[in-house]
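**Student:** model the following, please.
(one chain, ligands or ions: 2)
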Amino acid sequence: MAFTPLQLPDYREQSPEVAERFRTIRERPVVLKVTDLCKSFGVNGSTHVAFENFSLDIHRREFICIIGPSGCGKSTLIRIIAGLDEQTSGHMLVDGKEVGGPSPERGMVFQGYTLFPWLTVKRNVMFGLQMGGTSALDAEGKALQWLKVVGLARFAEAYPDQLSGGMKQRVAIARALAPNPRVLLMDEPFGALDALTRCKMQSYLLQIWKEINVTVLFITHDLDEACYLADRIIVMSANPGRVAEVIENPVPRPRRVAQMLSPEFLALKHRLDELIHGPADAEEEILPVVKLTEAGDEVE
Ligand SMILES: Nc1ncnc2c1ncn2[C@@H]1O[C@H](COP(=O)(O)OP(=O)(O)O)[C@@H](O)[C@H]1O
Ligand SMILES: [Mg+2]
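**Tutor:** Ligands and ions are numbered 1, 2, ... in the order given. Take a look at the predicted model:
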C-alpha cells in the first residue's frame, strides 16, 4: 500500500488561547537580553567561529528551548550566558544590567552528573548558598525546602552514588534553584537518562516551573523534548552556529504527554525536523555496505 503522509496544519497557526498567551508573555519584562553574541576559538593558528550574531530577549517566566545539530555552539552559548566562558563580542543583560562571570542569578544544570560525590545530597544543595554567604543554618533550611520541592527530602542525608540518574538531576535542579535564580540555564539536562525517565523528568520540570517564578533557557537536540517543554523554540544551524528560525510553539498549555500525537505537536515537530535534517523529500543518504566473506575478507 502506498504511504500517504498525514495532512498537518501550518505550524504557525495558533488557537486564540495560544495567541493570547504569547501576547501576555511579550508584555512581561525582559529578564535576559542577549545582543549579537559571538564566540570564536583559535584552532591551530586559524579562527573557528562557534556561533555568531546570537540575539534573544527572554521574558519573565518564559520557557525557551534552543535546538540545533551537534556542534552548532549550544553548549558554548549557554556556558557564556552562565558566565563560565567569555564571549568574543556581544552583550548580555539580566534585568537590564550588564553581566559577565558566574552568578547565582543564573543557575545552571549540566548534562553530566556534576554533584560532589563526597557531600550528602543536602550539603550539595547547601554548597552554592554558603559560597554566596548564606549562613549554614539558613542554607540547611533552604536546602531541605528545595529537596522537598523536587521530592527528595527523604534522601537529604544520602550520597549521590546512592541515587538514580533521574534523582541526581533532581538534586542538580534543587541546587540551581536554591539561590532563587532569575534564569535557570539547562544544557541537555536529561540527555543521559533513559527514555522513560527522561519523559518523567520533563513533566516534572514543567510542574516545578509552574509552581515557581523562574525563567528557563533549556538546550536540547531532542525534537519531542523541545515541542513538549517550550514556549518559543530557537532553532540553530551549524557551521557557524546561527539562529535559523524562532518558532512560537502552537501546543496549548497545560501540556500532557498525550498531546505528542496532536496535529499541532506533529506539525511543529515536522518543521523542526525539516530545519535540522533538511526537507523530508530530500534523497536519503545511502551508506555503502561492505560484504565480507566468512574469513572476513571483502567480497569483490
Ligand atoms: N575550547 C574549545 N576550543 C576550540 N573549539 C571549541 C571549544 N569548545 C567548543 N569548540 C567548538 O565549537 C563548536 C561548538 O561546540 P559546542 O558548543 O559544544 O556545540 P553543541 O553543544 O551545539 O554540540 C564545535 O565546533 C566545537 O568543536
Ligand atoms: Mg552541547
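**Student:** let me see the mean pLDDT of the helix or strand hosting residue 50.
**Tutor:** Under the assignment given by DSSP states H and E, the secondary-structure element containing residue 50 is strand 46-59. Mean pLDDT, computed over strand 46-59, is 96.
**Student:** now do the buried residues in that strand.
**Tutor:** Of the residues in strand 46-59, those with enough neighbours to count as buried (16 or more other CB atoms under 10 Å) are 50-52, 54, 56, 58-59. (Each C-beta comes from the backbone N, C-alpha and C, glycine too.)
**Student:** same thing with stretch 226-246?
**Tutor:** By neighbour count, with 16+ other CB under 10 Å as the criterion, the buried positions of stretch 226-246 are 226-238, 240-244.
**Student:** CA atoms only for that stretch, dumped as PDB, please.
**Tutor:** Extracted in PDB, the C-alpha atoms of stretch 226-246 (Å, rounded to 0.1, in the frame of the first residue of the first chain):
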ATOM      1  CA  ALA A 226      11.600  21.000  22.700                       C
ATOM      2  CA  CYS A 227       7.900  20.600  21.400                       C
ATOM      3  CA  TYR A 228       6.800  19.400  24.800                       C
ATOM      4  CA  LEU A 229       8.600  22.000  27.000                       C
ATOM      5  CA  ALA A 230       9.000  25.200  25.200                       C
ATOM      6  CA  ASP A 231       7.000  28.400  24.700                       C
ATOM      7  CA  ARG A 232       9.400  29.600  22.000                       C
ATOM      8  CA  ILE A 233      11.900  27.400  20.200                       C
ATOM      9  CA  ILE A 234      15.200  28.900  18.800                       C
ATOM     10  CA  VAL A 235      16.400  26.600  16.000                       C
ATOM     11  CA  MET A 236      20.100  26.900  15.300                       C
ATOM     12  CA  SER A 237      22.000  25.800  12.200                       C
ATOM     13  CA  ALA A 238      25.700  24.800  12.200                       C
ATOM     14  CA  ASN A 239      29.000  26.000  10.700                       C
ATOM     15  CA  PRO A 240      28.900  28.600  12.000                       C
ATOM     16  CA  GLY A 241      26.100  28.400  14.600                       C
ATOM     17  CA  ARG A 242      23.400  30.900  13.700                       C
ATOM     18  CA  VAL A 243      19.700  31.300  14.500                       C
ATOM     19  CA  ALA A 244      17.800  29.700  11.700                       C
ATOM     20  CA  GLU A 245      14.300  30.300  13.000                       C
ATOM     21  CA  VAL A 246      12.400  31.400  16.100                       C
END
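**Student:** from here on, call the first residue 808.
**Tutor:** Renumbered: residue one is now 808, and that last one reads stretch 1033-1053.
**Student:** show the contacting residues for whatever residue of the stretch 1008-1107 of the chain ends up closest to ligand 2.
**Tutor:** For the stretch 1008-1107 of the chain, the residue positioned closest to ligand 2 under CB to the ion is residue 1026, at a distance of 6.8 Å. Applying CB atoms under 8 Å, 6 or more residues apart in numbering to residue 1026 gives the contacts 872-874, 881-882, 884-885, 993-995.
**Student:** okay, which residue is most central for the protein?
**Tutor:** residue 1025 (2.0 Å; CA atoms, centre = their mean).
**Student:** which of the contacts of residue 1026 sit farthest apart?
**Tutor:** Of all pairs drawn from the contacts of residue 1026, the one with the longest distance (CB to CB) is 872 and 882, at 14.3 Å.
**Student:** the more surrounded of these two?
**Tutor:** When residue 872 and residue 882 are compared on other CB atoms under 10 Å, the one with more neighbours turns out to be residue 872, at 26 against 18.
**Student:** that one in helix, strand or coil?
**Tutor:** Of the three states, residue 872 takes strand according to DSSP: H, G, I helix; E, B strand; the rest coil.
**Student:** picking up where we left off before, hmm, the strand holding residue 857 touching ligand 2?
**Tutor:** No: among the residues of strand 853-866, none lie within reach of ligand 2 under CB under 5 Å from the ion; the closest is 10.7 Å away.
**Student:** before we move on, back to that, so the residue nearest to the centre of the chain: helix, strand or coil?
**Tutor:** strand.
**Student:** tell me the contacts of it?
**Tutor:** Contacts were defined as CB under 8 Å, 6+ apart; by that measure residue 1025 touches 870-873, 993, 996, 1036-1037.
**Student:** just these now: which is nearest ligand 1?
**Tutor:** Ligand 1 has its nearest neighbour among those in residue 873, at 8.8 Å by CB to the nearest ligand atom.
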